[in-house]
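Can you look at this prediction? I've put the sequence above it.
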Amino acid sequence: FISDGDPNSISIQEKDASLIDKTALNSKMKIKIYREKSLFKEIKIISKIEKIKKLKIADKGVYYTFHSAGIKKKIDDLIDNYKKTGFNTLVIDIKDVDGAIGVPLNIPLAKKIGACDRIFVEDLGKLIDRLHLSGIRVSARIAVFKDRFLAKKRSDLALRSKSGALWRENDGINWVNPFSDEVCDYNLDIAQEAAKAGADEVQFDYIRFPEKGHSDNIATPKDVEKYIAIENFLKQAYERLEPYNVSIAIDVFGVMAWERDRDISVIGQRVNEMAKYVFAVCPMLYPSHFDPGFNGHKNPADE
């Protein structure tokens with residue numbers, strides 16, 4: 001770094017520009033990028049609030065699997081009716097909870113493992129353009145770490161038990177390891193491709209560790225909490241997607257609003273820290289998911 005005496009100015013050589021963590025800077029700062037001794041580019045840090053106002057954030061909408069998004073009549077009906085219903089957003093699956101990718105994306109690993117063998121939306125960019133012309137925003141949903149397709153085809157990327165065996169949920173489903181750089185890069189590549197296709201938002205679902213089954217038996221790096229992996233992924237997502245001017249949303253368990261240590265340690269969602277890297281937090285407050293006696297309520301779902 002080269003100091004010019006201004007505490008709100010950072011000067012750095014172009015080769016080192018990727019080392020700056022923009023999420024750690026305040027909105028008064030600017031970054032000067034130099035090529036040798038010549039000023040090459042200047043970047044002004046925009047606060048998240050300012051950026052949220054500029055971005056087309058998903059608001060009120062409906063969710064389509066990529067199966068539905070690939071049916072022309074369903075899209076026609078959606079466009080014909082959206083103004084009457086008051087919604088402005090369509091959430092489309094890009095990668096579902098099985099790990100299948102139903103839209104054509106240029107992801108080498110996805111092609112290698114056969115994740116995109118069945119395509120339902122032939123041209124994602126064309127579909128997004130059509131929705132945009134109708135005034136509809138598009139949010140690209142990616143189920144991140146619940147991915148039995150990748151876990152099955154690449155067992156080296158799957159979660160393991162402390163004994164070294166493949167870890168499975170109660171229903172026998174494998175998850176991939178959030179601590180794996182390759183797993184994170186794979187999902188970030190998918191997010192970047194969706195952004196390139198014109199999505200207004202990337203929505204990360206299953207951005208957590210599993211909670212069903214013997215979750216205490218999941219092997220993790222020694223003395224490293226699960227939430228570190230989740231937050232590192234989102235930090236990378238924020239940096240990778242910044243050039244595309246897309247908003248980032250996360251789906252989190254509703255119970256995480258209570259910030260109970262046990263819940264955080266099991267699934268790794270510290271929402272107040274995750275929120276530093278995203279533009280929208282979507283708590284899934286299903287009444288049926290709260291156990292009898294929760295927070296002093298005999299039957300939470302009834303109340």
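Arrived safely, thanks for sending. Numbers count the residues shown, from 1 in each chain.

Give me the most central residue, this structure.
For the chain, the residue nearest the mean C-alpha position is Phe204 (2.8 Å; Cα atoms, centre = their mean).

That residue touches Ala249, doesn't it?
Yes: shown here, Phe204 and Ala249 form a contact pair, counting by Cβ atoms under 8 Å, at 7.1 Å. (C-beta placed from N, C-alpha, C; glycine too.)

Show me the helices in this protein, by range?
48-54, 66-69, 72-85, 108-113, 124-133, 148-153, 181-196, 226-241, 261-267, 271-274 (DSSP state H).

and the last one, what does it pack onto?
Identification of packing neighbours for helix 271-274 by 3 or more Cβ pairs under 8 Å, 6 or more residues apart in numbering; DSSP states H and E yields helix 226-241, strand 247-253, strand 280-284.

One more pass at 6 Å, please.
Here helix 271-274 touches no other helix or strand, going by 3 or more Cβ pairs under 6 Å, 6 or more residues apart in numbering; DSSP states H and E.

Tell me how far the closest residue to Val255 other than its chain neighbours lies from Glu169.
Sequence neighbours aside, Asp263 is the residue nearest to Val255 in space, at 5.6 Å (criterion: Cβ to Cβ, 6 or more residues apart in numbering). When Cβ to Cβ, to the nearest Å is the yardstick, Asp263 and Glu169 sit 17 Å from each other.

same deal with Gly61?
29 Å.

hey, which helix or strand in this structure has the poorest pLDDT?
helix 48-54 (a mean of 68; mean pLDDT, DSSP states H and E).

what ranges of the stretch 101-250 of the chain fall below the confidence cut-off?
Residue ranges of the stretch 101-250 of the chain with pLDDT under 70: none are present.

if we go to 90?
Within the stretch 101-250 of the chain, the stretches with pLDDT under 90 are 135, 168-174, 212-216, 223, 243, 245.

Please list all residues in contact with Ala143.
95-97, 205-206 (Cβ atoms under 6 Å, 6 or more residues apart in numbering).

Let's see which of the residues you listed end up in strands.
When the contacts of Ala143 are checked against strands (DSSP state E), the matches are 95, 205.

What's the PyMOL line that selects buried ones from the contacts of Ala143?
The command below creates a PyMOL selection of those among the contacts of Ala143 that count as buried (16 or more other Cβ atoms under 10 Å):
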select buried, resi 95+96+205+206
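
Can you lay out the contacts of Ala143 as a markdown table showing distance to Asp123?
Output for these, formatted as a markdown table (distance: Cβ to Cβ, whole Å):
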| residue | distance to Asp123 |
| --- | --- |
| Lys95 | 18 |
| Asp96 | 19 |
| Val97 | 24 |
| Asp205 | 24 |
| Tyr206 | 26 |
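
Show me which of the contacts of Ala143 is closest to Ala194.
Nearest to Ala194, judged by Cβ to Cβ, of the contacts of Ala143 is Lys95 at 9.3 Å.

Quick check, pLDDT for that closest one.
Looking at Lys95, its pLDDT stands at 97.

Mind listing the residues bridging to it?
Per DSSP bridges, the residues bridged to Lys95 are Ile101, Ile142.

For it, which residues are in contact?
101, 142-143, 190.

who wins for most neighbours among those residues?
Ile101 (26 neighbours; other Cβ atoms under 10 Å).

Could you check how many residues crowd around Lys28?
The burial count for Lys28: 11, using other Cβ under 10 Å.

Check Leu157 too.
19.

That one contacts Val176, correct?
Yes: counting by Cβ atoms under 6 Å, Val176 is a contact partner of Leu157 at 5.1 Å.

any common contacting residues for those two?
Common neighbours of Leu157 and Val176 (Cβ under 6 Å, 6+ apart) are Val183.

Isn't Phe66 up against Gly102?
Yes: contact criterion Cβ under 6 Å: Phe66 and Gly102 qualify, at 3.1 Å.
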